[in-house]
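Q: Sharing a sequence plus its predicted fold:
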Amino acid sequence: MIIMIYEMNTPLTTIDALRRAVAHAPKRPFLIFDGRSFSYEDIAAIAARWAARLRSAGVERGDRVALFLENSPAFVTAYLGAHLIGAIVVLVNTLYRQTELRHILTDSEAKVVLVADQAHADLVRQADAPGAVIFASDVALEGAGKAPDWTLAPAPGDLALIGYTSGTTGRSKGAMLTHANLMANSAAVTRAWRWTEHDRLLLTLPLFHIHGLGVGLNGTLYAASTVDLRRGFDAADVLDTLARGETTMFFGVPTMYTRLIAEARRRRAAGTPVRIEGMRLFVSGSAPLSPQTFAEFEDLLGHRILERYGMTETVMNLTNPYDGERRPGTVGMPFPGQEARIVDVRTRQPLPDGEIGEIQVRGPNVFVGYWRNPQATAEAFDADGWFNTGDLGWRSADGYFTITGRARELIISGGYNIYPREVEEVLLEHPAVAEAAVVGLPDAEFGEQVVAVVVPATPATDGLEQELIDWCRARLASYKKPRRVVFVSSLPRNALGKVQKHALRRQLQQAQPERTSQ
Ligand code: MCA
Ligand code: AMP
């Protein structure tokens, strides 16, 4: 019955989705957090309080509301509360420090920044960011609630989100996603993965990135299902939860799967092997899942992980099939209603199957451009509306895409993106650094690790490695800090003076083959 009504009334905004779920399943749990359950009706009422709180702070339709928050009921309800009044949510990784915060909050001109505690409020203040700080505790989670005023709700073409990404120039760009983009994605994902109102998703990914928010939370809302949200990832806790039989889906990055495998092995060796009940789908994305991890997970836990491929600008692009062959090492085919192709990197002409080129995608999921950056937007699309992903790959004759590398300089560590230029700029600010180049080297746990190659200003480098690591850690998100610093007398450059990163990476790997992170 509900399904029939849903089909007649497809949501085009997050608020349509919320309204639909409240109308048809008001008491169903939407969010489970720290042992508390919030129904759709509860979440709508708290979101309504957030809408009123934001309006009292002067937030109007189209204003930016930055969420500098960990996973919590406040995140979910402030997100929907901002949307209830047509405001645009800006996502801010809680590990971000001075450099990233100043750029994102200034560039987006966030009118308000939501924080959980004084420490985060201080960070915002130290970043000289504009906008008022509001504490998450300002809006009560308890107490009787009124239904939202739906009259200020956004239109499908309105901006819903700005996600900062792709800092090839050292400064990240704000990818603008409309409500229609988000809901087209949720429609595609829920259909492809057979996501229904009976599902319960265990979500340990951060909501401040598109994987957690655009796939996990929005999909839950679209399907009117349930999300069991955690503050973060803990392998032992995940396996204990999955053994209880209430969870049906888990989404993660490859590092989470390698940690689950290690924990499952530990338990098997201790004579208490893991038994998983009720699960129907494990999904991996954000970074390449190795065929070895795929095979080990199947061997230990009896599930074939479904690998998919996405980006902040597009949410989800390609997926292995739910039914049919999940082919390790590949990211499958376009989601329903979307297109993908491979083009020659130089001529931009489509390539035949089997040849490596840049992946382009097109569809209602693809973002509308970079915030206040028409030049970057123009460069991202071709004349026919294909979006240049900057990822390299090929397509098999039977339609499976394989990602082979990246056309842009990007390090992916544990599913977090790190742009070498941003770390290089921070290193160059240190007086002891004359030149710096940052590269990604293979890492057993995180996939890739950040390594800095530095030409020192003077020959004295005693204690400088740790000093530079600490220098970066104080100014950038901690996962961007170099794991090691290698000192050299000069950097390999081509005739135009550009640092040859491939040569550098090769040299470093020859000097010291794969090293795991500490
Ligand atoms: C944490 N640390 C890391 C990483 N994570 N270092 C390198 N790479 C990482 N990924 C460092 C911290 O900076 C800290 O350093 C120390 O490890 C402990 O931090 P903690 O928070 O305890 O780490 P953790 O909980 O073990 O985190 C590992 C994690 C996490 C669970 C794998 O990185 C994670 O949740 N990754 C997923 C990110 C994600 O959602 N990506 C999606 C973006 P120190 O000791 O110096 O303090 S891509 C996307 O959205 C698109 C659409 C897509 O396709 O999905
Ligand atoms: P972000 O810009 O943070 O949204 O990260 C998107 C990038 O993550 C993509 O452009 C890819 O380089 C990478 N990515 C996402 N999913 C996968 C996957 N399954 N395999 C390989 N790379 C992936």
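A: All right, it came through fine. Residues are numbered from 1 along each chain as shown. Ligands and ions are numbered 1, 2, ... in the order given.
Q: Stretch 361-373: end-to-end distance?
A: 20 Å (C-alpha to C-alpha, to the nearest Å).
Q: Tell me the buried residues in it?
A: 361-363, 365-367, 369-371, 373 (16 or more other C-beta atoms under 10 Å). For glycine as for every other residue, the C-beta is placed from the backbone atoms N, C-alpha and C.
Q: what about it, distance to the chain center?
A: 16 Å (C-alpha atoms, centre = their mean, to the nearest Å).
Q: what residues does it touch?
A: Residues from elsewhere that reach stretch 361-373 (C-beta atoms under 8 Å, 6 or more residues apart in numbering): 107-108, 159, 162, 173-178, 180-181, 184-185, 188, 312-317, 334-335, 337-340, 376-377, 380, 384-387, 389.
Q: Contact partners for the most centrally placed residue in the chain?
A: By C-alpha atoms, centre = their mean, the chain has its centre lying nearest to H209, at 3.3 Å. Residues in contact with H209, defined by C-beta under 8 Å, 6+ apart, are 91, 93, 163, 286, 312.
Q: rerun at 10 Å
A: 91, 93, 163, 165, 215-216, 253, 286, 312, 415-417 (C-beta atoms under 10 Å, 6 or more residues apart in numbering).
Q: Looks to me like G62 is in a helix.
A: No - read with DSSP: H, G, I helix; E, B strand; the rest coil, G62 is coil and lies in no helix.
Q: what sits against it?
A: Contacts of G62 by C-beta under 10 Å, 6+ apart are 85-88, 111, 154, 158-159.
Q: which ones among those are found in helices?
A: Judged by DSSP state H, helices contain none of these.
Q: if we take those, which one ends up nearest to V76?
A: A87 (15.3 Å; C-beta to C-beta).
Q: From A78, how far off is the closest one?
A: 10 Å (C-beta to C-beta, to the nearest Å).
Q: Also R327?
A: Distance from R327 to A78, by C-beta to C-beta: 40 Å.
Q: In terms of neighbours, single out the busier of those two.
A: A78 (28 against 18; other C-beta atoms under 10 Å).
Q: My understanding was that that one contacts A52; is that so?
A: No - using C-beta atoms under 10 Å, A78 is not in contact with A52; the gap is 11.9 Å.
Q: mind showing which ranges of the stretch 101-250 of the chain have poor pLDDT?
A: 167-170 (pLDDT under 70).
Q: Skipping adjacent residues, who's closest to I88 in space?
A: Distances taken as C-beta to C-beta, 6 or more residues apart in numbering place L159 nearest to I88, at 4.6 Å, with adjacent residues excluded.
Q: any idea how far ligand 2 is from the one you found?
A: 17 Å (C-beta to the nearest ligand atom, to the nearest Å).
Q: V274 now?
A: For V274 relative to ligand 2 (C-beta to the nearest ligand atom), the value is 24 Å.
Q: element containing that residue, please.
A: Following DSSP states H and E, one finds V274 outside all helices and strands.
Q: Roughly how far does the nearest residue to it once chain neighbours are set aside sit from ligand 2?
A: In this structure, V274 finds its nearest non-sequential neighbour in A264, 4.7 Å apart by C-beta to C-beta, 6+ apart. The gap separating A264 from ligand 2 is 22 Å, by C-beta to the nearest ligand atom.
Q: Pull the number of nearby residues for A264.
A: 20.
Q: helices or strands up against the host helix or strand of it?
A: Per DSSP H and E: A264 is located in helix 254-269. Here helix 254-269 touches helix 235-243, strand 249-252, strand 281-284, helix 291-301, strand 447-456, going by 3 or more C-beta pairs under 10 Å, 6 or more residues apart in numbering; DSSP states H and E.
Q: list the contacts for G216?
A: G216 sits in contact with 189, 201-207, 209-210, 227, 229, 249-251, 283, where contact means C-beta under 10 Å, 6+ apart.
Q: out of those, which touch ligand 1?
A: 205-206, 209-210 (C-beta under 6 Å from any ligand atom).
Q: Return the members of those classed as buried.
A: 205-206, 209-210.
Q: Identify, from these, the entry nearest to ligand 2.
A: I210 (5.7 Å; C-beta to the nearest ligand atom).
Q: Contact partners for that closest one?
A: Residues in contact with I210 (C-beta under 10 Å, 6+ apart) are 91, 161, 163, 165, 175, 177, 182, 185, 216, 218, 286, 310-316.
Q: rerun at 6 Å
A: 163, 312, 315 (C-beta atoms under 6 Å, 6 or more residues apart in numbering).
Q: for ligand 1, what are the nearby residues on the chain?
A: So the chain meets ligand 1 at 205-206, 209-212, 232-233, 253, 255-256, 285-286, 310-312, 413-416, 446, 473, 478-479 (C-beta under 6 Å from any ligand atom).
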